[in-house]
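*Asks:* here is my input, please return the structure:
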Amino acid sequence: MAEGVFRELTKDEDDKFYCDSAGTSTYHIGELPDERMQTTAQKHSINLTHRARQISRDDFDKFDYIIAMDKSNYQNILNLKSRVNNAAETHIMLMRSFDTSKDNLDVPDPYYGSMKDFEEVYEILQRCNQNFINFLQEEYFKS
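*Replies:* Below you'll find the model as predicted:
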């Protein structure tokens, strides 16, 4: 969902941004997102077609920023980064560090919840992605 929201928010600026999503575990590799997540995304005109993959060492060469959804994944990414040569330039951050109304640094996992929980995650990701994009534009695309 985070990738889908980011792509939707930057669709008019494809030449400025490149994004991809990955997990830190091997669960669901090759699978499409949860049907409830797809339904929530479609409700907001976002089509999720990305298939799950695991983060790799190459990601530290490809991306300036790697954004973790929760503290556990953040720590897993930092651990992998420490074993990658030349990864120092990659910034590892928590998605909710861009949330103006955070009560927790973790994006909640809606898997065991209701559709309301998936909608809440969408709203968090919408808000955080917009603030992250604003940060990137200020940082890299100042006029």
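*Asks:* which helix runs longest in the chain?
*Replies:* helix 115-140 (DSSP state H).
*Asks:* so which elements touch that helix?
*Replies:* helix 2-9, helix 35-43 (3 or more Cβ pairs under 8 Å, 6 or more residues apart in numbering; DSSP states H and E). C-betas here are computed from N, CA, C, even on glycine.
*Asks:* so which of those is the most surrounded?
*Replies:* helix 2-9 (a mean of 20; mean count of other Cβ atoms under 10 Å).
*Asks:* one step back: looking at the helices and strands packed on helix 115-140, which is nearest to E138?
*Replies:* Nearest to E138 among the helices and strands packed on helix 115-140 is helix 2-9 (15.2 Å), distances taken as Cβ to Cβ.
*Asks:* any chance of the helices and strands packed on helix 115-140 in JSON lines with distance to H28 as columns?
*Replies:* Below are those laid out as JSON lines (distance: least, Cβ to Cβ, whole Å):
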{"stretch": "helix 2-9", "distance to H28": "14"}
{"stretch": "helix 35-43", "distance to H28": "11"}
